[in-house]
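Q: Quick one, fold the following:
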Amino acid sequence: MLIDFYNKNNFKIKSFITINSISSFLTLLWFNNKISTKNHLLLELFLLFTKIPIEYYCNNLSSDIIFHHTSMIIGSSLVMNKKFSYYADIISVMQIIHMPLTCYYCHKLLKLKKKNIKYFYNLYLLTWLPSSIYRNIYITNFAYKSIYNMNINNSVLLSIFSLGFIYLDYNWTPWNKYKLFIKNII
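A: Just a heads-up that it's a prediction; the model follows:
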């Protein structure tokens, strides 16, 4: 997979396939207890700091992406502190979204090569919604527990993050494609 730095779209797609694939692999290792949460977060931060210049170069740094990345950096920084280490798994679970994104960018690469193969796009649709729902329920559950236990600082922080990610995932979900997808199944 040769990367052409001068064709920004091609460069972006191939870079995002690589970064999301590595993140997905790391997340699978984490879910199977093959790497620690701390190592998972450190490697994910490395990937993030690799991805940000690529997004900047490809004019892909929108306000929602900046919020997403800032949340990752702040959240990871907080959970590295013993006081917040209890919440470290949240950051790892949030990375599950990179699995459907890998499929999405594989589809975009095939489309770029003029191959109309819907396999990766359908796989993206099949994995996006469950991944999004799972990660949002997971972080919202922690926010709820903090509110219930009257842990004011954590409940405010977790509520802001959970509402932010619910908002992002809702806006990033291709609802019109799901309507078509369901219509074609029925």
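Q: quick one: contacts for the closest residue to Gln95 other than its chain neighbours?
A: Spatial nearest neighbour of Gln95, excluding adjacent residues (CB to CB, 6 or more residues apart in numbering): Thr27 at 4.6 Å. Using the backbone N, CA and C atoms, a C-beta is placed for each residue, glycine as well. The contact partners of Thr27, by CB atoms under 8 Å, 6 or more residues apart in numbering, come to 40, 92, 95-96, 98-99.
Q: go on, Cys106?
A: When contacts are counted by CB under 8 Å, 6+ apart, Cys106 touches 17, 120.
Q: Ile73 too?
A: Contacts for Ile73 (CB under 8 Å, 6+ apart) come out as 45, 48.
Q: helix, strand or coil for it?
A: Three-state call for Ile73 (DSSP: H, G, I helix; E, B strand; the rest coil): helix.
Q: Then Leu61?
A: Strictly by three-state DSSP, Leu61 counts as coil.
Q: burial count for it?
A: Number of residues near Leu61 (other CB atoms under 10 Å) recorded here: 15.
Q: pretty sure it is touching Ile52, no?
A: Yes - Leu61 is within contact range of Ile52, at 7.5 Å (criterion: CB atoms under 8 Å).
Q: what's the following helix or strand after whichever helix or strand Pro130 is part of?
A: Assigned by DSSP states H and E, Pro130 belongs to helix 119-148. Remark: after helix 119-148, the chain's next helix or strand is helix 152-172, criterion DSSP H and E.
Q: top of the contacts of Thr27 by neighbour count?
A: So for the contacts of Thr27 (other CB under 10 Å), the most neighbours sit at Gln95, 24 neighbours.
Q: Please give me every residue in contact with that residue.
A: 23-24, 26-27, 30, 40, 44.
Q: ok, Ser63 to Ser71 distance?
A: For Ser63, the distance to Ser71 equals 12 Å [CB to CB, to the nearest Å].
Q: Over to the residue nearest the centre of the chain. Which of the three states is it?
A: For the chain, Ile97 is the residue whose C-alpha lies nearest the centre (CA atoms, centre = their mean; 3.8 Å). What three-state DSSP gives for Ile97 is helix.
Q: tally of neighbours for Ser77?
A: Counted with other CB under 10 Å, residues neighbouring Ser77 total 12.
Q: Mind checking what secondary structure it has?
A: Assigned with three-state DSSP, Ser77 falls in the helix class.
Q: Would you mind measuring from the residue nearest to Gln95 to Ser155?
A: Taking CB to CB as the measure, Thr27 falls 26 Å from Ser155.
Q: so what's the residue located most distally from the centre of the chain scoring on pLDDT?
A: What lies farthest from the middle of the chain is Ile186; by CA atoms, centre = their mean that is 29.8 Å. Predicted confidence (pLDDT) for Ile186: 72.
Q: Brilliant, that's me finished.
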